[in-house]
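S.K.: Return a 3D structure for these sequence lines:
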Amino acid sequence: MNYPLSMTKNYVLVLLLLLAVNSLSSQTYILNEDFSSANGTTPPEGWSNTTAAGVASDLWQFDNPGSRTVNYPVIGKMAIFDAANYSADEEPEEVILESPFFDATISAEILLSFDHYFVGANNANGTVEVYDGDKWQIAKTYTDTTANSEKEILDISAYAGSISNAKIRFYWQGDSLGMWAVDNISIYTPLPTDAGITTLDAPIMPFAAGTHPIEVTLANFGANTINNTTIEWSVNGISQPSYNWTGSLSSGTTEKNITIGNYSFESGKKTVFKIWQNNPNGEDDGYALNDTLNKTLYTALCGTYTVGGASPDFENFTEVATALNNAGVACPVIFEVRDGVYDEQIKLYEISGSSEVNTITFRGESRDSSLVQLHYSTSNPSNDFTLALTGSDYISFEDMGVLRSNGTNSVLIQNESNHVRFERCQFKGHVLSASITRDEHLTFRNVAMTGYNLNLAQLNGGSAMTITVESCHIQD
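M.R.: Predicted coordinates for the structure are as follows:
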């Protein structure tokens, strides 16, 4: 079909206007990386992973070999240097994760955002650096432990703006302790007006039940200074009073610890927060996808809880591990586990509040170890276990099975775990406590295992106290 020339020009004009409007209402991304294509210590194409100091094996990992719990939105593969789990060689380490070159000549205004979790220890520091075409410039340095996880936004315009050969790198310097996990890296040109809630600053787990102020971080992802916005929030789906924020937030900056209200937390309960902002400067926000923060908190656990089955306190072991590792305990805790097969891999660390009085017990509710099975069935050579206790103290497992398929180890006990007890349990897979750390006060009573080893070894030649193996059936 042929159209008159004037009509064709009108269509072209409309198309150009639509393209112009669209370019104003969407960010231009220069680099995006979520490490989904990385594997082991091999970074995505174009990235480099190098050891600047230390042993050659000190490298960023992408499969989380220490099974660290890093909260949403860090999911799946990530870049992580976990000195406490795989670089405890008592030698300093320096490792660098470096991006490919990118062309930022599109704009003089360039922002960098990423999600991360930094755990400071032993004078460790993590530095974000930008290559300005000539030399590396420090954009920010981290030494203190951050929230798990925390979104960071940095204005790198002074270093990368209008540069054709810019790069970024994440530089870890430490000595056998601490960790840094990084994910969801974006480098982009900002929209005129774009804000969002990035972090729940308080309360931070572990914390006790009761009324606590709710504090958040507001970030300016846009080019224009933000002077006001409305912060909305809900808890477990129930709307809370909105908060009207005013101030002055320039491009690529954040304001932390904004108190938007108070909330009364119940003991040991799961609390789901949704917090978002709208109408910055009285305008429509340019990019709605970064407006909202979702966060789940637990208060310190205390008392008896159910796991699995109908209407449980916890759906599965993974949810329990998240609560224990982050929230800790405030009194003795018992988990009554309903009958079933739980195909999960669990790692517990040193749990805040656990003690000789505040013990933690997992117990099969039916008291039959054949009916409750924690059974990890996925091949995973770099994380070959079903249950790992890493510095866990005063913890017991009763009347349940711990099984491993497509792998070797059912249980790993490591990093100075103490007062660990297994009673009336079944194992399929080796039970292993063999390291240079001293795991003590270990009890195995009335446990059954066939075709696998109970391997308890102090590899540095020292002795461990009070190892009890009593009335066990260990065959083949």
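S.K.: For burial, what's the neighbour tally of Ile197?
M.R.: 27 (other Cβ atoms under 10 Å). For glycine as for every other residue, the C-beta is placed from the backbone atoms N, C-alpha and C.
S.K.: In terms of helices and strands, where is it?
M.R.: Take DSSP states H and E as the rule and Ile197 turns out to sit in strand 195-202.
S.K.: now whichever helix or strand comes after that strand: mean pLDDT?
M.R.: Using DSSP H and E, the helix or strand that follows strand 195-202 in sequence is strand 210-220. Throughout strand 210-220, pLDDT has a mean value of 96.
S.K.: Stretch 172-186 now?
M.R.: 93.
S.K.: So that it lines up with my notes, have the first residue be 121 from now on.
M.R.: New numbering, starting at 121: the last item is stretch 292-306.
S.K.: tell me the helices in this structure, going along the chain?
M.R.: 125-144, 203-206, 277-280, 437-447 (DSSP state H).
S.K.: hey, least reliable of the ones you listed by pLDDT?
M.R.: Between the helices of the chain, the one with the least mean pLDDT is helix 125-144; it has a mean of 37.
S.K.: mind listing the strands for the stretch 321-470 of the chain?
M.R.: 330-340, 346-355, 358-369, 374-385, 390-398, 412-418, 421-427, 449-457, 460-462, 466-468 (DSSP state E, counting those that start in this stretch).
S.K.: neighbouring strands for the strand holding Ile317, and are they parallel or not?
M.R.: strand 330-340 (antiparallel) (DSSP bridges).
S.K.: Just the residues contacting the strand it pairs with, thanks.
M.R.: Contacts to strand 330-340, defined as Cβ atoms under 8 Å, 6 or more residues apart in numbering, come from residues 271, 273, 314-323, 346, 349, 351, 353, 365, 369-385, 393, 395, 397, 413.
S.K.: what do you get for stretch 239-258?
M.R.: Against stretch 239-258 from outside (Cβ under 8 Å, 6+ apart): 203-204, 232, 238, 259-265, 272, 274, 276, 278-280, 283-300.
S.K.: can you check stretch 286-293 too?
M.R.: 172, 180, 199, 201, 203, 212-224, 230, 232, 244-253, 256, 259, 276, 279-280, 300, 302, 305, 307.
S.K.: repeat for stretch 178-186
M.R.: Contacts of stretch 178-186 (Cβ under 8 Å, 6+ apart): 155, 158-163, 169-171, 190, 197-202, 204-207, 213-215, 217, 290, 292, 299, 301, 502-503, 510.
S.K.: Return a PyMOL selection command for the buried portion of these.
M.R.: Here is the PyMOL selection string for the buried members of those, based on 16 or more other Cβ atoms under 10 Å:
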select buried, resi 155+158+163+169+190+197+198+199+200+201+202+204+205+206+207+213+215+217+290+292+299+301+503+510
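S.K.: mind listing which of the contacts of stretch 178-186 are in strands?
M.R.: The strands, defined by DSSP state E, take in 169-171, 199-202, 213-215, 217, 290, 292, 299, 301, 510 from the contacts of stretch 178-186.
S.K.: Could you work out the most separated pair of those residues?
M.R.: Thr170 and Thr510 (27.7 Å; Cβ to Cβ).
S.K.: and the strands of the stretch 321-470 of the chain as JSON lines, adding mean neighbour count and distance to Gln546?
M.R.: Shown next, in JSON lines, are the strands of the stretch 321-470 of the chain (neighbours: other Cβ atoms under 10 Å; distance: least, Cβ to Cβ, whole Å):
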{"stretch": "strand 330-340", "mean neighbour count": "19", "distance to Gln546": "41"}
{"stretch": "strand 346-355", "mean neighbour count": "19", "distance to Gln546": "41"}
{"stretch": "strand 358-369", "mean neighbour count": "13", "distance to Gln546": "43"}
{"stretch": "strand 374-385", "mean neighbour count": "15", "distance to Gln546": "37"}
{"stretch": "strand 390-398", "mean neighbour count": "19", "distance to Gln546": "30"}
{"stretch": "strand 412-418", "mean neighbour count": "18", "distance to Gln546": "30"}
{"stretch": "strand 421-427", "mean neighbour count": "18", "distance to Gln546": "18"}
{"stretch": "strand 449-457", "mean neighbour count": "21", "distance to Gln546": "14"}
{"stretch": "strand 460-462", "mean neighbour count": "17", "distance to Gln546": "13"}
{"stretch": "strand 466-468", "mean neighbour count": "21", "distance to Gln546": "16"}
